[in-house]
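K.L.:
Curious how this folds, go ahead:
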Amino acid sequence: MSKIRRRVDRLARVTDIDRPRRRLPRSVREQEIIDAALRVFAKRGYRAAVVDEIADLAGISKPMVYLYLGSKEGLFIACIRRETQRLVTAFREAAGAGDDPARRLWAGLTAFFGFVAAHRDSWVVLHRQAPEQSEAIAAELAAARRSVRAEVTGLIGDGIARGAGGAVHLGRDDADFVAHALVGAADSLTDWMELHPGEPPEGVTLRLMNMTWVGMRNVLAGEVWAPPR
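P.N.:
Residues are numbered from 1 along each chain as shown. From the prediction side, this is the model:
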């Protein structure tokens, strides 16, 4: 009896090994591959990352990775696109709609810094590795930055419009200028956050709001600095 049981157990193990993986919809499989690629790129860097490791982590063959996303560059671009969309969506949903642009910007920036804190692999790929790669990757990163700036520009423009009765007239170029400065500062502050791990996203946002929004409000009120003559 024991010999028969061992043979049955051995046959079951062989059957399990030979059984093909459950088929998944293409969209689901692609997300699994991108998940694996994001982890490998964040850990190894673009140049040192190999598709074999990504395939192993995703649980599929290397040719299947190429079939789904084309190349290592295609994998990296797919990571940028997905994580940018997640970041923009987090900002947009947090900022939402309302009558107070400052509160909306506060909520959006807090969501931005919260995303960076919670998704370090995503931010490593977007912020630290992407700028050093090919023209196609650089172009994708530039589009990502434009998406983020567009969201911020809209909020800044709304704030300027609501303060249009002030002593100084500001227009769309000014909103675009402030948005560029704000997004650039937010990028840099993600490095500062890593050096100050005890600082919560809300604290970083508060510091940034006091440095930018208060300044813009003062300009709208007529307080403009000029170099001494």
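
K.L.:
Return the distance of Gly98 relative to Leu24.
P.N.:
Plainly put, Gly98 is 40 Å away from Leu24 if you go by Cβ to Cβ, to the nearest Å. (Glycine included, C-beta is placed from N, CA and C.)

K.L.:
Can you name the residues that contact Leu75?
P.N.:
Ile33, Ile34, Ala37, Phe41, Val51, Ile54, Val65, Leu69 (Cβ atoms under 8 Å, 6 or more residues apart in numbering).

K.L.:
Isn't the fifth one up against Val65?
P.N.:
Yes: if you go by Cβ atoms under 8 Å, Val51 and Val65 touch, sitting 5.6 Å apart.

K.L.:
Which of these two has more residues huddled nearby?
P.N.:
Taking other Cβ atoms under 10 Å, Val51 and Val65 do not tie; Val65 has more neighbours (23 against 18).

K.L.:
measure the closest residue to Phe112 other than its chain neighbours to Gly74 for me?
P.N.:
Excluding its sequence neighbours, the residue lying closest to Phe112 (Cβ to Cβ, 6 or more residues apart in numbering) is Phe91, at 5.4 Å. Per Cβ to Cβ, Phe91 is found 26 Å from Gly74.

K.L.:
Those two - which one has more neighbours?
P.N.:
Using other Cβ under 10 Å, the more surrounded residue of Phe91 and Gly74 is Phe91, with 22 against 15.

K.L.:
Start and end of stretch 67-76, how far apart?
P.N.:
15 Å (Cα to Cα, to the nearest Å).

K.L.:
before we move on, what about stretch 35-52?
P.N.:
14 Å.

K.L.:
Need the contact partners of that stretch.
P.N.:
53-55, 57-58, 62, 65-66, 69, 72, 75-76, 78-79, 83, 120-122, 124-125, 129, 132-133, 137.

K.L.:
same check, this time on stretch 182-191
P.N.:
With Cβ under 8 Å, 6+ apart, stretch 182-191 has contacts from 109, 112-113, 116, 123, 127, 145, 148-149, 152, 156, 204, 208, 211-212.

K.L.:
Next, give me the two most distant ones among those.
P.N.:
Trp123 and Ile156 (23.1 Å; Cβ to Cβ).

K.L.:
more neighbours, those two?
P.N.:
The residue with more neighbours, out of Trp123 and Ile156, is Ile156; 26 against 21, by other Cβ under 10 Å.

K.L.:
Let me know the average pLDDT across the top helix by length along the chain.
P.N.:
As assigned by DSSP state H, the longest helix anywhere in the chain is helix 135-162. Helix 135-162 comes out with an average pLDDT of 84.

K.L.:
That helix: which residues count as buried?
P.N.:
137, 140-141, 144, 148-149, 151-160 (16 or more other Cβ atoms under 10 Å).
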